[in-house]
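Participant: can you look at this prediction? I've put the sequence above it.
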Amino acid sequence: MNYYGIRAIYRFEMARMRRTLMQSVASPVISTCLYFVVFGSAIGSRMGEIDNISYGAFIIPGLVMLSLLMQSISNASFGIYMPKFSGTIYEVLSAPVSYVEVVLGYVGAAATKSVILGLIILATARLFVDYDVLHPFWMFAFLVLTSITFSLFGFIIGIWADGFEKLQIVPMMIVTPLVFLGGTFYSIDMLPDVWQTISLFNPVVYLISGFRWAFYGVSDVHVGISVGMTLMFLTACMITIWWIFRTGYRLRS
Amino acid sequence: MQPDISVKHLNKVYADGFQALKDINLDITPGEIFALLGPNGAGKTTLISIICGIVNKSSGDVQAAGYDIVRDYRKARESIGLVPQELNTDAFETVWDAVSFSRGLFGKAPKPAHIEKVLKDLSLWDKRNNRIMSLSGGMKRRVMIAKALSHEPRILFLDEPTAGVDVELRRDMWEMVRKLRENGVTIILTTHYIEEAEEMADRIGVIRQGEIILVEDKDRLMSKLGKKELRLQLQHPLEKVPGELVLEPVELSEDGYELIYTFDSQQEQAGVARLLRLLGDMGIDYRDLRTRESSLEEIFVGLVHE
């Protein structure tokens, strides 16, 4: 195992975060705070409780998940796309590092940044809304598992993308709508039957539901199914990355 | 002696069907400076990229430092440093961080003393805390070399190392390459500057349309394929080449004042003596004569246009 290689990539990526603190941390924290102010405090105070949870507290897991997914994808996709764009990828490809080590470096750093961001957002949410964490271990486990899974997904997007537009398409056009329609602002029990069934095809429903269960002990779907679906997506991402490195897709001609 | 680089029956066909390399066979001896020459698109960079692991081979075997580049890729790549043609650097990193990153990536423990030595050797020490984006093109090229040397490789690939750098920096780089060779580093360079190959290389390889058409010791190549030219400045101009000399490889300059005789350098002076005798017999006087050997550039141009 090339531990120095993993460390070099990891530290390089973390240094990128420190260089771009405004973009990496401040920006997502501020935009999530705006959601808390608007939906949690302003509108939330006029809304009824959902599953005996105040509306402001109810939306916290969904909003944290929104930032987590977006930042995991963004961090990991930029991390691997930028060397491709600038040409510095030659160094990684010619180094004695296996693809597992490359992924550990890039995805590890992206997931670390997302977990840090998620914890900052949770801490910031305390300023606006009072909330409990019923299962802290599972809350943290979901945070880490989701960060890793979607960082792997972002890594795939970064390799697939051959322009900045493609880099933005998946997070903006697919992930954001899925998060908004995945129960961030409501429980899917509140939807008509048809839409409840349709919602079950949205993978983000399982993430938010499981995460919300860790906070309040209530969920739209069983927590075991949430964990299973997340692990399934994680496995799919790992298989895709294995295939990418095996074939050299968009990395080695 | 086991070669540092061994390439056997290497082929590369890209996805679009273009065959970039055709049955390449090449051995590079430890400690030598090998110059790979060829016109644009001949396959130089593809060959280097395959050896370094950036491009997948289609078939054939490649070993670096005695290790197969696929089966023992870690060992093979550890021994190689690559300075690519393009100035690909992370603009926002400092020089020190960028070079340290490269050392770590190649699996070596931090060794600040070595990084310091490399930066000093390349006159980058004063710039170690500067961001790469603030450096000139020549300095960025030095950073690329520093990165390639950061993990103390025994084989160094220099792909067009002095493209776009000024004469002074080019001379500095030649000096650095010589020092590296003295320390036992094997150097493979591709270049468009034939002067560079002529100045530094021990052996020359010429690649054309994906095929190695020649590998030869530089001095032997120059004596084998080089031409010599004898120029005789005449006392009185001639209107045309005299009939007695028609069968000789002799040309007349436009103003008629110079007879130019071209001969193989290996032919030595036999033809020259005969020519001078003939001129004497014909009563053609000359006031000066000079000879000149063809450069590697002329040999190269001759080879790739054959």
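Facilitator: Looks like it arrived, so ask away. The structure presented is a predicted model; accordingly, all values stated were derived computationally and were not measured. Residues are numbered from 1 along each chain as shown, chains lettered A, B, ... in the order given.

Participant: interface residues of the stretch 101-250 of chain A facing chain B?
Facilitator: By the rule CB under 8 Å from any CB of the partner chain, the part of the stretch 101-250 of chain A lying against chain B is residue A:248. C-beta here means a position set from N, CA and C on the backbone, and glycine is covered the same way.

Participant: max-length helix in chain B?
Facilitator: For chain B, the helix with the greatest residue count under DSSP state H is helix B:167-182.

Participant: C-terminal to that one, what's the next element?
Facilitator: For helix B:167-182, the succeeding helix or strand toward the C-terminus, using DSSP states H and E, is strand B:186-190.

Participant: who's in contact with that following strand?
Facilitator: B:4-5, B:28-38, B:44-45, B:48, B:85, B:154-161, B:177, B:180-181, B:196-197, B:200-201 (CB atoms under 8 Å, 6 or more residues apart in numbering or on different chains).

Participant: could you list every residue that touches residue A:45?
Facilitator: The contact partners of residue A:45, taken as CB under 8 Å, 6+ apart, are residue A:56.

Participant: at 10 Å what do you get?
Facilitator: Residues near residue A:45 by CB atoms under 10 Å, 6 or more residues apart in numbering or on different chains: A:54, A:55, A:56.

Participant: for the helix or strand hosting residue B:277, list the C-alpha coordinates in CSV.
Facilitator: Assignment of secondary structure by DSSP H and E places residue B:277 within helix B:270-282. Taking C-alpha atoms only, helix B:270-282 is exported to CSV below (Å, rounded to 0.1, in the frame of the first residue of the first chain):
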residue,chain,number,x,y,z
ALA,B,270,40.2,10.2,-51.8
GLY,B,271,37.6,12.0,-53.8
VAL,B,272,38.9,15.4,-52.7
ALA,B,273,42.4,14.6,-54.0
ARG,B,274,41.0,13.4,-57.3
LEU,B,275,38.9,16.6,-57.7
LEU,B,276,41.8,18.9,-56.9
ARG,B,277,44.0,17.0,-59.4
LEU,B,278,41.3,17.4,-62.1
LEU,B,279,41.0,21.1,-61.4
GLY,B,280,44.7,21.5,-61.6
ASP,B,281,44.7,19.6,-65.0
MET,B,282,42.0,21.9,-66.3
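
Participant: which helices and strands sit right next to that helix?
Facilitator: strand B:227-234, strand B:250-252, strand B:258-264, strand B:286-293 (3 or more CB pairs under 10 Å, 6 or more residues apart in numbering or on different chains; DSSP states H and E).

Participant: name the residues of the shortest one that are buried.
Facilitator: Right, the one you point to is strand B:250-252. By 16 or more other CB atoms under 10 Å in any protein chain shown, the buried positions in strand B:250-252 come out as B:250, B:252.

Participant: go on, the last one?
Facilitator: If you call a residue buried by 16+ other CB under 10 Å, then strand B:286-293 has these buried ones: residue B:286.

Participant: show me which of the contacts of strand B:186-190 are buried.
Facilitator: For the contacts of strand B:186-190, buried by 16+ other CB under 10 Å: B:4-5, B:28, B:31-38, B:44-45, B:48, B:85, B:154-161, B:177, B:180-181, B:196-197, B:200-201.

Participant: run a quick neighbour tally on the closest residue to residue B:2 other than its chain neighbours.
Facilitator: Excluding its sequence neighbours, the residue lying closest to residue B:2 (CB to CB, 6 or more residues apart in numbering or on different chains) is residue B:66, at 5.6 Å. Neighbour count for residue B:66, taken as other CB atoms under 10 Å in any protein chain shown: 14.

Participant: what sits against the residue in the stretch 51-200 of chain A that chain B sits nearest to?
Facilitator: As assessed by CB to the nearest CB, chain B sits closest to residue A:87 within the stretch 51-200 of chain A, at 3.4 Å. Residue A:87 makes contact with B:84, B:85, B:86, B:87, B:88, B:89, according to CB under 10 Å, 6+ apart.

Participant: mind checking what secondary structure the fifth one has?
Facilitator: Three states are possible here, and by DSSP: H, G, I helix; E, B strand; the rest coil the one that applies to residue B:88 is coil.

Participant: report the contact partners of it.
Facilitator: Each residue near residue B:88 by CB under 10 Å, 6+ apart is listed here: A:83, A:86, A:87, A:88, A:89, A:90, A:91, B:140, B:144, B:147.

Participant: show me which of the residues you listed is closest to residue B:112.
Facilitator: Nearest to residue B:112 among the contacts of residue B:88: residue B:147, at 15.4 Å, using CB to CB.

Participant: enumerate every residue touching the closest one.
Facilitator: Counted by CB under 10 Å, 6+ apart, residue B:147 has contacts A:88, A:91, B:81-83, B:88-89, B:95, B:98-103, B:105-106, B:118.

Participant: change it to 8 Å
Facilitator: Here residue B:147 is in contact with A:91, B:83, B:89, B:98, B:99, B:101, B:102 (criterion: CB under 8 Å, 6+ apart).

Participant: and the fourth one, which helix or strand is it part of?
Facilitator: By that I understand residue B:98. Going by DSSP H and E, residue B:98 is in helix B:95-105.

Participant: excluding its backbone neighbours, what's nearest residue B:230?
Facilitator: residue B:261 (4.4 Å).
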